[in-house]
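[1] how does the following fold in three dimensions:
(3 chains)
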Amino acid sequence: MNPLSLIVRTVCNVFAWFMVIFGAYIIVHGHLSPGGGFQGGAVVATFIAFLLVAHGGKRLLGWVKEGLFSAVESTGLLIFLGAGLFGISTTFFYNFLAKKGGLFGSVVPLGSNTGVLNSSGTIALMNLAVGLEVVAGLSLIIVYMFKGIRLELDREEESHDR
Amino acid sequence: MRGWRIFYLLGLMVMCGLFFGALQDIHPFGEPVEPAMDDYFLERAQEERAVNNVVTSIVFDYRGFDTLGEAAVLFTAVTSVVALFRKGGHER
Amino acid sequence: MTGNLPFVVVGLLFAIGMALILFDKNLIKIAIGVSMVEAATNLFLIVLGYRTGGSIPVYTLAGEVKRMVLPTPQALTLTAIVIGVATTALMLSLIMLLYRYYGTLDVREIRRLRG
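    Here you go, the predicted model:
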């Protein structure tokens, strides 16, 4: 994939970050508004697709570190599993943080309300963890599928040369 | 080859017939039959788990084990894609 | 019957997807058919949980709500969508590898070249 024109690249440089911010908003407000870790993670992973389309594959592969993505993905899954395991004294996936005060421990008023960000216990924590995992996983899929296409193109060029 | 296609077409038509037969007996759109569990979640999610979004409370709390399997499936799929396209992994 | 129109749409989507899977020879189109069957399943789950006049099951700034849509089918559909994305990515990767080995996407050609 070749880089697109200067106009496309400039617009992408500005607006790709808005996609990241919007996705982060969806992840962080997962327990208050429609959305959550999976959806917000998919939105944030669009960032890599934006960069790939606008800047071309060669430059993108110079920027991304696959090992970092893999580590972030594993970390997200481990935090998710750990948040489930910490409530094991009651039962697996028990919400041990809810309504205890402190981190994510506020009580929400019943019925329609304006939303308390510091509520819902492990649910918010798991949203963040799953968001991390989905971001890194989908980015890895995009990067590696592009690598597969590039390998194919290289092979075709070689066979044409022969 | 041609016989198989006729067989497939027959199976597809039988399946569509079964669908439209089932459509006569299904409950009307907009009136679920057994909403007791969902009403419980809708009433109790706010006081039990202090969360406004009931869908999130089900995904990550009441049925968190499902989500663990889902995250594991996603992880496995990503690992498989990476393994398939590893550099030099599939050159003969 | 007209009140059940969403169920009819589900059946049509499923039938179109199955017809693509059964009768098409192109692997990409078969993958599209599998995705359409997934979409039909997700739509079926969502439609099963709909209540007439219900709002979304979110209490933030909900106003005066009387009825809410069933939340459990929505949660399970969320699970199904993510698993669908994962399997679609894996399916397309395998199709790319098949194309690299055989140089074609036609299932008959692939079967002939292999056997």
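[2] ok, which stretches of chain A are helices?
    Using DSSP state H, the helices found in chain A span residues A:6-28, A:37-55, A:57-63, A:66-85, A:122-161.
[3] model confidence score at the residue sitting furthest away from the middle of chain C, please.
    Going by CA atoms, centre = their mean, the residue of chain C most distant from its centre is residue C:64, 34.2 Å out. You'll see residue C:64 listed with a pLDDT of 80.
[4] got a list of what it touches?
    residue A:112 (CB atoms under 8 Å, 6 or more residues apart in numbering or on different chains). Any C-beta I mention is one placed from the backbone N, CA and C, and that applies to glycine too.
[5] now do the same for the residue at minimal distance from the centre of chain A: its pLDDT.
    Centroid-nearest residue in chain A: residue A:135, 2.1 Å away (criterion: CA atoms, centre = their mean). Per-residue confidence at residue A:135 stands at 94 (pLDDT).
[6] which sections of the chain are below the confidence cut-off?
    Reading this off chain A. Scanning chain A with the threshold set as pLDDT under 70 gives A:152, A:155-162.
[7] other chain: chain B
    B:1-2, B:88-92.
[8] what's the neighbour count on residue A:67?
    By the criterion of other CB atoms under 10 Å in any protein chain shown, residue A:67 has 8 neighbours.
[9] also residue A:146?
    Residue A:146: 18 neighbours (other CB under 10 Å).
[10] ok, stretch A:1-13 near chain B or not?
    No. Figure legend: stretch A:1-13 not in contact with chain B (CB under 8 Å from any CB of the partner chain); closest approach 15.8 Å.
[11] now that stretch: buried residues?
    Residues of stretch A:1-13 classed as buried: A:1, A:12 (neighbour count, 16 or more other CB atoms under 10 Å in any protein chain shown).
[12] does chain C sit close to it?
    No. Judged by CB under 8 Å from any CB, stretch A:1-13 and chain C are separated, with a smallest distance of 15.1 Å.
[13] what does chain A put close to chain C?
    A:32-34, A:36, A:38, A:42, A:108, A:111-115, A:134, A:138, A:141, A:145, A:148-149, A:151-152, A:155.
[14] any idea how far the residue nearest to residue A:44 when sequence neighbours are not counted lies from chain C?
    In space, and not counting its chain neighbours, residue A:44 is closest to residue A:23: 3.5 Å by CB to CB, 6 or more residues apart in numbering or on different chains. Distance, residue A:23 to chain C, using CB to the nearest CB, to the nearest Å: 15 Å.
[15] picking that back up, in CSV: the helices of chain A, plus distance to residue C:18.
    Shown next, in CSV, are the helices of chain A (distance: least, CB to CB, whole Å):
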stretch, distance to residue C:18
helix A:6-28, 34
helix A:37-55, 27
helix A:57-63, 36
helix A:66-85, 34
helix A:122-161, 27
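[16] which residue is the nearest non-sequential neighbour of residue A:31?
    residue A:120 (4.1 Å).
[17] what's the answer for residue B:51, then?
    residue A:120 (3.9 Å).
[18] same deal with residue C:90?
    residue B:77 (5.0 Å).
[19] what helices or strands is the helix or strand harbouring the one you found leaning on?
    Here residue B:77, judged by DSSP states H and E, is contained in helix B:64-84. Packing partners of helix B:64-84 (3 or more CB pairs under 8 Å, 6 or more residues apart in numbering or on different chains; DSSP states H and E): helix A:66-85, helix A:122-161, helix C:71-102.
[20] any chance of the ones you listed in JSON lines with distance to residue C:43 as columns?
    JSON lines is the format used below for these (distance: least, CB to CB, whole Å):
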{"stretch": "helix A:66-85", "distance to residue C:43": "28"}
{"stretch": "helix A:122-161", "distance to residue C:43": "23"}
{"stretch": "helix C:71-102", "distance to residue C:43": "9"}
